[in-house]
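A.B. asks: no sequence on this one, just coordinates:
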């Protein structure tokens, strides 16, 4: 039976709100109130001058993620040839780095105005799957970046 100390205290997902979420909030309930949820939605959908200022930053983040992946590939080439080391660990690390590159590229494309349907076609996924899988993560990353720039 969970006790009060087992609950993790989480704050509202709205970047401008520091209130705690209600104690009975489920995993899907990320905001402290519907007003915060609406404010967060409006902030994500707002197209302003910050978006054009974000493109160079996003380009640099994408470039850095690509370099991390390429460096890891070169470093792990010898590890994969060694029969005494487990291959799954090295490959899992490369997959995580490739996921970071993918998310950085999607964030950059979405900020530049590329529609979800085009992103989905590039990834070889369906529109709904792409938006469901990457939408919340990209929105949170862009929200944090906007906050850093402003």
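C.D. replies: Nice, thanks for sending it over. None of these values were measured; they are calculated from a predicted model.
A.B. asks: Residue 59 contacts residue 107, correct?
C.D. replies: No: counting by C-beta atoms under 8 Å, residue 59 sits too far from residue 107 to count as a contact (10.6 Å). The C-beta positions use only the backbone N, C-alpha and C, and glycine is treated the same way.
A.B. asks: More neighbours: which of those two?
C.D. replies: residue 107 (21 against 14; other C-beta atoms under 10 Å).
A.B. asks: For residue 56, see how far away the more buried one is.
C.D. replies: 13 Å (C-beta to C-beta, to the nearest Å).
A.B. asks: what comes up buried for the helix ranked longest in the chain?
C.D. replies: If you go by DSSP state H, the chain has its longest helix at helix 49-81. Neighbour-count burial for helix 49-81 flags 51, 54, 58, 61-62, 65-66, 69, 72, 76 (criterion: 16 or more other C-beta atoms under 10 Å).
A.B. asks: same question, stretch 18-36
C.D. replies: Result for stretch 18-36 [16+ other C-beta under 10 Å]: buried residues 21, 30-32, 36.
A.B. asks: Quick check: which ranges of the chain have low pLDDT?
C.D. replies: 1-9, 27-28, 44-51, 150 (pLDDT under 70).
A.B. asks: Find the residues that touch each one of residue 107 and residue 56.
C.D. replies: Here residue 107 and residue 56 have no joint contacts, going by C-beta atoms under 8 Å, 6 or more residues apart in numbering.
A.B. asks: Sketch out the helices for this structure, chain order is fine.
C.D. replies: According to DSSP H, the helices that the chain contains are 34-45, 49-81, 87-111, 116-123, 127-149.
A.B. asks: In a markdown table: the ones you listed, plus distance to residue 17.
C.D. replies: Listed next are these as a markdown table, based on distance: least, C-beta to C-beta, whole Å:
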| stretch | distance to residue 17 |
| --- | --- |
| helix 34-45 | 5 |
| helix 49-81 | 19 |
| helix 87-111 | 22 |
| helix 116-123 | 27 |
| helix 127-149 | 12 |
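A.B. asks: quick one: which of the ones you listed is nearest residue 13?
C.D. replies: Closest approach to residue 13 among the helices of the chain (C-beta to C-beta): helix 34-45, 6.4 Å.
A.B. asks: For the closest one, which helices and strands make contact with it?
C.D. replies: Packing partners of helix 34-45 (3 or more C-beta pairs under 8 Å, 6 or more residues apart in numbering; DSSP states H and E): helix 127-149.
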